[in-house]
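In: Build the 3D model from these lines:
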Amino acid sequence: MTRLTSDVLDAAWKVFDGARRVMVAMHQNPDGDALGSAIALTLGLRALGKDVHLVCPQPTPEIYDFLRPQELIESAVPRETPELAVLVDCDRPERTGALSEAVAQAPYSVVLDHHPPTSEFGTARVTDEDCAATAEVVYSLLRHRAVPVSYEMAEALLTALVTDTGGFRYPNTRPRTLEIAADLMRQGPSTADIAQKVYDTRSLAGLKLMSRALDSIQLSPNGHVAWARLSLGDYEVTGAKPEDTEGFVNMVHGLKGVDVAVILREEAPGSVRVSFRSRGGAPVGRAAEALGGGGHELAAACVLQGTLDEAEQRVLEELKKWTEF
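Out: Residues are numbered from 1 along each chain as shown. Alright, predicted model coming up:
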């Protein structure tokens, strides 16, 4: 496991210093940590005079619109081939979906992540599983070079920390997590304001979709595993969008006695996105990895091909290998 030592950070900056054109890529369906970390990194590198392109072919969740991602994100790979590709919150090109080929073909690459490694990809790798979020990795990288952290960068990194720690409630919250958050708050952003925007602001369509998800919850015989599912028809009836499901899995996880929670979302014909949460009783990161996705022991995700029923069966069969039902 890589640690955020001076040698590791120096090696990464050596790669950054050798490149002018940089492409920053996140995993598919970016969450708050991926998005916030990528935005802060992009702004930081631009402040150093780099030609940085933050690329994401998919729409980002509307709940993060206060970070103004539309002002930074490009939907396609830049025409001029990037000299350096940076992977944020994942460690292999395949996790970026449509960007995988461009990432893999870049002459140099840097991985910034806090999940257990699933590959050896990257000219330089800055990863630490003890970090609560990739935002801690990006923060350490920027501070190591004394890059000034603007209000916008601090807000993005603080959003990443808030969302990947469940508002600093999850067990991955460590003293250093709170120390970093305090430093970021000194730049102006408020954790209360961010939490209100992320957790307490939803559209009517999103609330109707949440109701359908909660109505679909099923429990394992022992009550320790709960799962919910949403079909394309649920989106059509409510008028909601896939990004409206942000945080739904945490609602399922809040059921009394539940250790592992899963939500399956049919986001296109024959494509089902699966999100996992665990309180530690089952390593959902390994389950997701076995299904072609990734994550860590407490939170993970994957995308499965097939019908919603087929995806549900595959997920439950895999979970039975890791926890009791």
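In: From now on I want contacts and neighbour counts done on CA atoms only, so please keep to that.
Out: Fine.
In: in this structure, which ranges drop under the pLDDT threshold?
Out: Where the chain drops to pLDDT under 70, the residues are 1-2.
In: what ranges do the strands span in it?
Out: 21-26, 51-55, 73-74, 84-88, 108-113, 124-127, 218-219, 225-230, 260-268, 271-278, 294-295, 299-305 (DSSP state E).
In: For residue 181, which of those is the nearest?
Out: Closest approach to residue 181 among these (Cα to Cα): strand 108-113, 18.0 Å.
In: any idea how far stretch 118-132 is from the chain center?
Out: 14 Å (Cα atoms, centre = their mean, to the nearest Å).
In: just stretch 103-113 next, same as before
Out: 18 Å.
In: what comes up buried for it?
Out: 103, 104, 106, 108, 109, 110, 111, 112, 113 (16 or more other Cα atoms under 10 Å).
In: how about these in CSV, adding distance to residue 275?
Out: Below are the buried residues of stretch 103-113 laid out as CSV (distance: Cα to Cα, whole Å):
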residue, distance to residue 275
103, 25
104, 26
106, 30
108, 31
109, 28
110, 26
111, 23
112, 21
113, 18
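In: With respect to residue 125, which of those residues is nearest?
Out: residue 111 (4.7 Å).
In: partner residues bridging the closest one?
Out: Per DSSP bridges, the residues bridged to residue 111 are residue 87, residue 125.
In: if I look at it, how far off is residue 128?
Out: For residue 111, the distance to residue 128 (Cα to Cα, to the nearest Å) stands at 11 Å.
In: can I get the CA coordinates of the longest helix along the chain in CSV?
Out: As assigned by DSSP state H, the longest helix anywhere in the chain is helix 32-47. Presented in CSV, the C-alpha positions along helix 32-47 are these (Å, rounded to 0.1, in the frame of the first residue of the first chain):
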residue,chain,number,x,y,z
GLY,A,32,-18.8,13.8,-4.8
ASP,A,33,-15.3,12.6,-4.0
ALA,A,34,-14.3,12.0,-7.6
LEU,A,35,-15.9,15.3,-8.8
GLY,A,36,-14.6,17.5,-6.0
SER,A,37,-11.1,16.1,-6.1
ALA,A,38,-10.9,16.4,-9.9
ILE,A,39,-12.2,20.0,-9.9
ALA,A,40,-9.7,21.0,-7.2
LEU,A,41,-6.8,19.3,-9.0
THR,A,42,-7.8,20.9,-12.3
LEU,A,43,-7.9,24.4,-10.8
GLY,A,44,-4.6,23.8,-9.0
LEU,A,45,-2.8,22.6,-12.1
ARG,A,46,-4.1,25.5,-14.1
ALA,A,47,-2.8,27.9,-11.5
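In: quick one: contacts for the closest residue in space to residue 55 that isn't next to it in sequence?
Out: Spatial nearest neighbour of residue 55, excluding adjacent residues (Cα to Cα, 6 or more residues apart in numbering): residue 74 at 4.7 Å. Residues in contact with residue 74 (Cα atoms under 8 Å, 6 or more residues apart in numbering) are 53, 54, 55, 56, 57.
In: at 7 Å instead, please
Out: By Cα atoms under 7 Å, 6 or more residues apart in numbering, the contact set of residue 74 is 53, 54, 55, 56.
In: Mind putting those into TSV with distance to residue 323?
Out: Compiled in TSV, the contacts of residue 74 are given as follows (distance: Cα to Cα, whole Å):
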residue	distance to residue 323
53	42
54	39
55	37
56	35
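In: and those, which two are the farthest apart?
Out: Farthest-apart pair in these is 53 and 56; separation 9.7 Å (Cα to Cα).
In: Quick one: neighbours of residue 10, just the number.
Out: Neighbours of residue 10 under the rule other Cα atoms under 10 Å: 17.
In: what about stretch 64-81, how long is it end to end?
Out: 29 Å.
In: from the chain's centre, how far out does it sit?
Out: On the basis of Cα atoms, centre = their mean, stretch 64-81 sits 16 Å off its chain's mean C-alpha point.
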